[in-house]
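Chemist: Below are the sequence and a predicted model for it; my questions follow.
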Amino acid sequence: LTSLTQVYSGPLTVTNTAGWVSLTLDNSFYYNNTENLVIAVDENTSGYHSGDDDFYCTQFPGAIRSLYYRNDGTNPDPASPPTGTTSYYFPNTTLVFIPLPALTTTEVTSITHNSAVSGGNITTDGGSAVTARGICWNTSANPTIEHFTVTNGSGTGLFTCDLTGLIPDKTYYVRAFATNETGTAYGNEISFTTAEDPSATEITIGTGTITNVSLPLEPYYGYSYTQSIYYQGAINTAGEITAIQFSYNGNSAWTDQIVLYMGLTSKTEFSSGADWVPVENLTQVYSGDFTVTTTPGWVKLTLNTPFY
């Protein structure tokens, strides 16, 4: 039952005239047109009607499209229904849709290392008033209002929004959104990359050319986990770390999925192969692709979450 939404509670009234029986929902339901729809009906009025009272259904051979449970004495609990009877039929049903708004996303402009400007154009409201509109963004494709958002008013037409708090040298994906009583619609997706922070300082630690020591990861094996200590005296800079680079020899091109952590420690060395810094003392700062090419040099990762 936790995967279902109650949309109506009340009387179902039929007459002795054959035809459609309509219910206006208490709460509209947004259908995403991606997954299949399930409709559950809980009839909980004691007693019974004529055995000739019935609803028209359609058969779908080869797939069990419905389940039903019926009993004169036991009212089934939808949260924990008893074992039912399978059926290859489903009831003839008409769904009434209120359209979503129609809109587009405008180009991203005024891009700096930590901000940008975008917006949208809502051409139609879908038949009900647009109560919220704005921009949503994320570091992965198909951002929604569950991610980062900024709003600007209501209604149709053009609007602009300031995107702030962005990470330098990071690719973002943005979409305009508009919400009416049916749900939330999105415009086309646009991607952009923020500029590098002009005040950023690069600290390089290590100048060696030694290879085949399984650090910072081991490409030859399917899985690896490593930790390395970098001395404060070698870093000698306080501030927010927004990116990291590793030096690669360019032997071949590949992409792996990695998770990167950072943390602080009083250790100056590891005492044994079991002397890991506990992961709960570390902060996850990156999760995603790690891509190298056949060109030797630095491989840069812009962190999902800056480390301070």
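Modeler: Done, it's in.

Chemist: Only C-alpha atoms from now on, for both contacts and neighbour counts.
Modeler: OK.

Chemist: and Gly47, which of the three is it?
Modeler: coil (DSSP: H, G, I helix; E, B strand; the rest coil).

Chemist: Can you give me every residue that contacts it?
Modeler: Asp72 (C-alpha atoms under 8 Å, 6 or more residues apart in numbering).

Chemist: Check Gly187 too.
Modeler: Counted by C-alpha under 8 Å, 6+ apart, Gly187 has contacts 102-105, 120, 175-177.

Chemist: can you check Lys300 too?
Modeler: Contacts of Lys300 by C-alpha under 8 Å, 6+ apart are 243-246.

Chemist: Try it again at 10 Å.
Modeler: Contacts for Lys300 (C-alpha atoms under 10 Å, 6 or more residues apart in numbering) come out as 243-247, 290-292.

Chemist: Also Gly222?
Modeler: Asp256.

Chemist: Quick check: pLDDT value at it.
Modeler: On pLDDT, Gly222 comes in at 92.

Chemist: before we move on, back to that, separate out the buried members of the contacts of Lys300.
Modeler: Using 16 or more other C-alpha atoms under 10 Å as the burial test, the contacts of Lys300 include 243, 292 as buried.

Chemist: Out of the contacts of Lys300, which sit inside strands?
Modeler: Counting by DSSP state E, the part of the contacts of Lys300 found in strands is 243-247, 290-292.

Chemist: In CSV: the residues you listed, plus pLDDT and distance to Lys267.
Modeler: Shown next, in CSV, are these (pLDDT from 0 to 100; distance: C-alpha to C-alpha, whole Å):
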residue, pLDDT, distance to Lys267
Ala243, 94, 23
Ile244, 96, 21
Gln245, 97, 23
Phe246, 97, 22
Ser247, 97, 25
Phe290, 96, 28
Thr291, 96, 31
Val292, 96, 31
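
Chemist: I'd like these as JSON lines, with distance to Pro11 appended.
Modeler: Output for the ones in strands among the contacts of Lys300, formatted as JSON lines (distance: C-alpha to C-alpha, whole Å):
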{"residue": "Ala243", "distance to Pro11": "61"}
{"residue": "Ile244", "distance to Pro11": "63"}
{"residue": "Gln245", "distance to Pro11": "65"}
{"residue": "Phe246", "distance to Pro11": "67"}
{"residue": "Ser247", "distance to Pro11": "70"}
{"residue": "Phe290", "distance to Pro11": "58"}
{"residue": "Thr291", "distance to Pro11": "60"}
{"residue": "Val292", "distance to Pro11": "64"}
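
Chemist: Would you mind checking which of those residues is nearest to Ile98?
Modeler: Among the ones in strands among the contacts of Lys300, Phe290 lies closest to Ile98 (C-alpha to C-alpha), at 44.1 Å.

Chemist: and the closest one, how far is that from Lys300?
Modeler: 9 Å (C-alpha to C-alpha, to the nearest Å).

Chemist: Check Thr194 too.
Modeler: 15 Å.

Chemist: Over to Ala243?
Modeler: 7 Å.

Chemist: And for Thr255?
Modeler: Distance from Thr255 to Lys300, by C-alpha to C-alpha: 13 Å.

Chemist: what's the overlap in contacts for the two?
Modeler: In contact with both Thr255 and Lys300: 290-292, using C-alpha under 10 Å, 6+ apart.

Chemist: okay, the residues you listed in CSV with distance to Gly206 next?
Modeler: CSV is the format used below for the shared contacts of Thr255 and Lys300 (distance: C-alpha to C-alpha, whole Å):
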residue, distance to Gly206
Phe290, 21
Thr291, 21
Val292, 20
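
Chemist: Do me a favour and get the end-to-end distance for stretch 28-41?
Modeler: By C-alpha to C-alpha, one end of stretch 28-41 lies 16 Å from the other end.

Chemist: do stretch 268-281 as well
Modeler: End to end - C-alpha to C-alpha - stretch 268-281 spans 16 Å.

Chemist: try stretch 68-87
Modeler: For stretch 68-87, by C-alpha to C-alpha, the gap between its terminal residues amounts to 8 Å.

Chemist: Could you pull up the mean pLDDT of that stretch?
Modeler: pLDDT averaged over stretch 68-87 gives 91.

Chemist: repeat for stretch 156-166
Modeler: Stretch 156-166 comes out at a mean pLDDT of 97.
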